[in-house]
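Enquirer: A structural model of the following input is requested.
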Amino acid sequence: MSNGITILIPACNERDGIGVTVERIKSVAKSLGPGPVEILVVDDGSDDGTGDIAERAGARTIRHPHNLGYGAAVKTGIRSASFDTIVMTDADGSYPADAMPGLVDLYRQGFDMAVGARSGRVYRGSALKWPMRLILRFLVEWTAGRQIPDINSGLRVFSRATMLRYLPALSSSFSFTTSATLVYMLAGRFVAYRPIGYGERIGTSHVRLWRDSLRTLQYIVRTIVLFNPIKLFLLLALICFFGGVIGGILLWLLGRLDLGIVVVALAAFSGVIVFGLGLMTEALQHRNMRTEAQPEAEGREAGLRPTSQTKPPIPAETSKVDA
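Expert: Next up, the predicted model:
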């Protein structure tokens, strides 16, 4: 792919915001570097003319015949991008286009992904939304072993070639950004954050708090089990143990010491069983990894190309392009 940048915008029924978003991006395009800039809009089954507005504004537009989901639109855009460096943003005008040059510069310093970390009143949202975000953020930080300012920011820069390796493991729904963050960190990729502003969206939000939060939780758990299962089972074991201890203390204070001892014993036993299941899952994962890697290693030693009976090696990543 030639030297350049693709600005990827997934959109579904964003007629009020897509034109403004494209125009704002065009105003900062020259600040992204000397190479060409492609604005790519993936119209995910809109029925309000979003794709037509994007085309009139000057964006290259790909249309899904019907809605497949936010993550599916992003995946289509990644596969269809003309350039290796991709800047992803939303179509509702909430992310500042003038933050893109700084994130691109950060990415070019050698990071695999540069992410805009949102802050402010609009980002915190309602009194119910913020605690839910904290719970999901805790799970991701616990698993990744590092602080994560914003687990699901929609403004980020990454390499197309690198992201293609992980697409099968990533969510095709609203949880795409969260799963991408977690997968990159668990795979040992370098992810950097830079604070950005975050404004009111243009138009009506398509996010449904409980539905999308549960889906996000589902993909977080799935990703943890695939990449670092012992962390999840350890957390569950600790919850069992300390929950039982707290319950036992409460029963003791209520004068039911005998019942409290039973509760603590059952909780400790449950914690041991859960942690043991985690060790078994971890061992099976490492065994599968060795099994998959063995045919490739044998092929290299024999100087042979992989056959239909062996798993072909993952292609080497292309280097980042200089815009």
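
Enquirer: where does the prediction get shaky in the stretch 101-250 of the chain?
Expert: Under the criterion pLDDT under 70, the flagged ranges of the stretch 101-250 of the chain are 123-130, 203, 205-213, 216, 227-228.

Enquirer: mind listing the helices for it?
Expert: Along the stretch 101-250 of the chain, counting by DSSP state H, counting those that start in this stretch, helices occupy 121-124, 129-144, 160-164, 176-186, 209-227, 229-253.

Enquirer: okay, these in CSV with distance to Arg79 and mean neighbour count next?
Expert: Any C-beta I mention is one placed from the backbone N, CA and C, and that applies to glycine too. Shown next, in CSV, are those (distance: least, Cβ to Cβ, whole Å; neighbours: other Cβ atoms under 10 Å):
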stretch, distance to Arg79, mean neighbour count
helix 121-124, 30, 13
helix 129-144, 26, 16
helix 160-164, 7, 19
helix 176-186, 14, 24
helix 209-227, 20, 17
helix 229-253, 29, 17
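
Enquirer: make CSV out of the ones you listed and add distance to Lys30.
Expert: As requested, the helices of the stretch 101-250 of the chain are exported to CSV (distance: least, Cβ to Cβ, whole Å):
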stretch, distance to Lys30
helix 121-124, 28
helix 129-144, 35
helix 160-164, 22
helix 176-186, 27
helix 209-227, 36
helix 229-253, 44
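
Enquirer: nearest to Ala81, out of those?
Expert: Shortest distance between Ala81 and the helices of the stretch 101-250 of the chain, using Cβ to Cβ, is found for helix 160-164: 5.3 Å.

Enquirer: that closest one packs against which elements?
Expert: On a contact count with 3 or more Cβ pairs under 8 Å, 6 or more residues apart in numbering; DSSP states H and E, helix 160-164 meets helix 70-80, strand 85-88.

Enquirer: for those, which one sits closest to Phe233?
Expert: Taking Cβ to Cβ as the criterion, Phe233 comes closest to helix 70-80 out of these, the separation being 26.7 Å.

Enquirer: what's the closest one in contact with?
Expert: For helix 70-80, the surrounding residues in contact (Cβ atoms under 8 Å, 6 or more residues apart in numbering) are 6, 8-12, 40, 42, 44, 62, 64, 86, 88, 160, 163-164, 167, 170-176, 179.

Enquirer: out of the helices and strands packed on helix 160-164, which one sits most buried?
Expert: Of the helices and strands packed on helix 160-164, the one with the most neighbours on average (mean count of other Cβ atoms under 10 Å) is strand 85-88, at a mean of 26.

Enquirer: and that strand, how far out from the chain's middle?
Expert: Between the mean C-alpha point of strand 85-88 and the mean C-alpha point of its chain there is a distance of 14 Å (Cα atoms, centre = their mean, to the nearest Å).

Enquirer: got it, and stretch 55-70?
Expert: Computed by Cα atoms, centre = their mean, the separation of stretch 55-70 from the middle of its chain amounts to 21 Å.

Enquirer: now the end-to-end length of it.
Expert: The first residue of stretch 55-70 is 20 Å away from its last residue (Cα to Cα, to the nearest Å).

Enquirer: give the buried residues for that stretch.
Expert: Of the residues in stretch 55-70, Glu55, Ala57, Ala59, Arg60, Thr61, Ile62, Arg63, His64, Asn67, Leu68, Gly69, Tyr70 count as buried by neighbour count, 16 or more other Cβ atoms under 10 Å.
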